[in-house]
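Participant: Fold the following, please.
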Amino acid sequence: MYQRALAIMLTLLSLFVRTASNVCVNTDDGAFMLDRRLNPVTETGTYDRALRAEGTELYALREQSTGLYLIADAAGQPLTRAVYEDVRGENGRVFLKRDGLWAIYDSGLNPLTGHYYTALFRAGESCFAFRTSLWDDAPDALYIIDARGSERPTDKVLLYTPLIFADGLAPATDATTGRRGYLDEEGEWMVAPELAWADAFNGALAVASLDGGSGLIDPAGDWILSPLYDEMMLGTNYVICREEGTLYVYARTDEGLIMRENREDAYASEVGAYYALYTDDYAYLCDMDGYEAAVFTGDTLIYPGLSGQVIASDMNGMYVYDVDTHRFSDFMAYIEALPRADAYRCAALGDDGAYLFGAIDTGLSTVIAPAYAQMISPAEGLLAAGDGENIYLFALNRDGAELVKTVPLNR
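Facilitator: Modelled structure (predicted):
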């Protein structure tokens, strides 16, 4: 009687939980796909990887038996055989790799190109493509494929590095000079290849280097911070540099100097809206004005948390610290932020020394007791926990975590 009542309750709860698209659940015990009401549309025990092709309703499922992907529709019905070694979905197109070569398909799985390319990189509505091996020292000719699949050769010959576009530019290495610059989406040098190193842009700024040091460059190729520094890290809110033993922290918004620390044992890292300053004696959590928001022991490491919180780790374990309320969570063996769920995966040590996973919410309460062999967040507001026999789906709300679906594992 109790089991039937529980089953009815879980069914009713699942009716109120609906996601924007199918949910791909990837666990240590295999992968499967759920529909928008969290009903399984593929069998467990058949696939070990499931993913959605971005901008489409196509899904890639990797067979456990072959290690190859097939493409399925939203109902989990295969549209192809399992013949693909890799799959990417980008901007409503699907990139499929077969026999070591990539091709581009549209959202209806119609081919736009043949399987001709050793590498494809999204460049706005087009793609940068290569036909030669990128894993040797030989130069590689660059091709551009437009949105309809038409190929256009360029006069650029590059030495391979991943072409990561941001702000319409990608760092690349010119094969003739061996120097780096920035290509636009048409394959033209917008910043001449005269740099010793160039990172991808991040919000109209990038770390770049000349032979004498590193600095910050803008998309026009102008130096925002001169290339004088031995080390440089560009974050979301801060720029952290070192020059001859002196540590500098700049505000990313205006490159204004926040902190200078002239000691060899000091180093810093960005921690969300804060930065952490580490010395041999203490770890300081500082705000944008350079003021100390919290002080920790010297053996503490600080990581980004959720909602103005941080994760701290010391010799006693890990815990979540709320900067505004000065409250702490319980110590755990392991804690990790899961932004999609707006919660933390936490773990305690079992009797056999293995991790048992649970969850902590941003109110620092344990909402799922550490009792599971694994814990992931497959979609917004959802957690999936596994015990080797079943996968349990929890929906997070103001009152904690509600069990909404139990999926048995087929072995």
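Participant: In contact with the nearest residue in space to Ala369 that is not next to it in sequence, which residues are there?
Facilitator: Among residues not flanking Ala369 along the chain, Gly358 sits closest, at 5.1 Å (CB to CB, 6 or more residues apart in numbering). C-beta: built from backbone N, CA, C; applies to glycine. The contact partners of Gly358, by CB atoms under 8 Å, 6 or more residues apart in numbering, come to 345-348, 366-372, 375, 385.
Participant: Recalculate using a threshold of 7 Å.
Facilitator: Neighbour list for Gly358: Cys346, Thr366, Ile368, Ala369, Pro370, Ala371, Tyr372, Met375 [criterion: CB atoms under 7 Å, 6 or more residues apart in numbering].
Participant: Also Gly212?
Facilitator: Taking CB under 7 Å, 6+ apart, one finds Pro227 in contact with Gly212.
Participant: repeat for Leu163
Facilitator: Phe121, Phe128, Ala170, Ala172.
Participant: how close does it sit to Thr176?
Facilitator: Leu163 is 17 Å from Thr176, where distance means CB to CB, to the nearest Å.
Participant: Which of the contacts of Gly358 fall within strands?
Facilitator: Using DSSP state E, the members of the contacts of Gly358 that fall within strands are Cys346, Thr366, Ile368, Ala369, Pro370, Ala371, Tyr372, Met375.
Participant: so the second one bridges to which residues?
Facilitator: Spelled out, it's Thr366. Beta bridges link Thr366 to Ile360, judged by DSSP bridges.
Participant: looking at it, it is touching Ala347, isn't it?
Facilitator: No: the pair Thr366 / Ala347 is not scored as a contact, 11.7 Å apart, by CB atoms under 7 Å.
Participant: Tell me, please, the helix or strand in the chain that averages the lowest pLDDT.
Facilitator: Taking mean pLDDT, DSSP states H and E as the measure, the chain has helix 2-16 as its least confident helix or strand, at a mean of 39.
Participant: Just the CA trace of the next helix or strand after it, in PDB.
Facilitator: Once the chain leaves helix 2-16, the next helix or strand it forms, by DSSP states H and E, is strand 23-27. Taking C-alpha atoms only, strand 23-27 is exported to PDB below (Å, rounded to 0.1, in the frame of the first residue of the first chain):
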ATOM      1  CA  VAL A  23      17.300  15.900 -20.700                       C
ATOM      2  CA  CYS A  24      20.500  14.000 -21.400                       C
ATOM      3  CA  VAL A  25      21.600  12.100 -18.200                       C
ATOM      4  CA  ASN A  26      25.300  11.000 -18.300                       C
ATOM      5  CA  THR A  27      26.300   8.900 -15.300                       C
END
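Participant: contacts for strand 23-27?
Facilitator: By CB under 7 Å, 6+ apart, strand 23-27 touches 31-34, 38, 49-52, 59, 374, 376, 378-379, 382, 384, 386, 391.
Participant: Disregarding residues adjacent in the polypeptide, which is nearest to Gly245?
Facilitator: Nearest one to Gly245, counting by CB to CB, 6+ apart, is Glu264 at 5.3 Å.
Participant: right, I mislabeled it, should have said Leu68
Facilitator: That would be Ala82: by CB to CB, 6+ apart, it lies 4.4 Å from Leu68.
Participant: Confirm for me that that neighbour is in contact with Glu63.
Facilitator: Yes: the pair Ala82 / Glu63 is scored as a contact, 4.7 Å apart, by CB under 7 Å.
Participant: anything in contact with each of those two?
Facilitator: Listed contacts common to Ala82 and Glu63 are Leu70; contacts here mean CB under 7 Å, 6+ apart.
Participant: Please name the bridge partners of Leu383.
Facilitator: Assigned bridge partners for Leu383, using DSSP bridges, are Phe394.
Participant: which residues does it contact?
Facilitator: Ala341, Ala343, Ala359, Ile368, Met375, Ser377, Phe394, Leu396, Ala401.
Participant: ok now stretch 102-116, how far from the chain's centre?
Facilitator: 26 Å (CA atoms, centre = their mean, to the nearest Å).
Participant: Only the buried residues of that stretch, if you could.
Facilitator: Across stretch 102-116, burial judged by 16 or more other CB atoms under 10 Å covers Trp102, Ala103, Ile104, Tyr105, Asp106, Leu112, Thr113, Tyr116.
Participant: list the contacts for the nearest residue to the second one once chain neighbours are set aside?
Facilitator: Closest residue to Ala103 apart from its sequence neighbours, by CB to CB, 6+ apart: His115 at 4.3 Å. Remark: with contacts taken as CB under 7 Å, 6+ apart, His115 is in contact with Arg98, Asp99, Leu101, Trp102, Ala103.
Participant: ok, the nearest residue to Leu112 once chain neighbours are set aside - contacts?
Facilitator: Among residues not flanking Leu112 along the chain, Gly149 sits closest, at 3.0 Å (CB to CB, 6+ apart). Gly149 is in contact with Ile104, Leu112, Thr113, counting by CB under 7 Å, 6+ apart.
Participant: quick one, what contacts the first one?
Facilitator: By CB under 7 Å, 6+ apart, the contact set of Ile104 is Arg93, Phe95, Leu112, Thr113, Leu120, Cys127, Ile145, Gly149.
Participant: Of those residues, which belong to helices?
Facilitator: The subset of the contacts of Ile104 located in helices under the criterion DSSP state H is empty.
Participant: now, which of the residues you listed sits nearest Leu205?
Facilitator: Cys127 (25.5 Å; CB to CB).
Participant: Kindly tell me how buried the closest one is, as a neighbour count.
Facilitator: For Cys127, the count of nearby residues is 28 (other CB atoms under 10 Å).
Participant: partner residues bridging it?
Facilitator: Beta-bridge partners of Cys127, as defined by DSSP bridges: Arg122, Ile145.
Participant: pLDDT weak spots in the stretch 1-150 of the chain?
Facilitator: By pLDDT under 70, the low-scoring segments of the stretch 1-150 of the chain are 1-20.
Participant: Please enumerate the strands of it.
Facilitator: Ranges of strands in the stretch 1-150 of the chain, per DSSP state E, counting those that start in this stretch, are 23-27, 30-34, 47-52, 59-63, 69-72, 86-90, 93-98, 101-105, 119-123, 126-130, 140-145.
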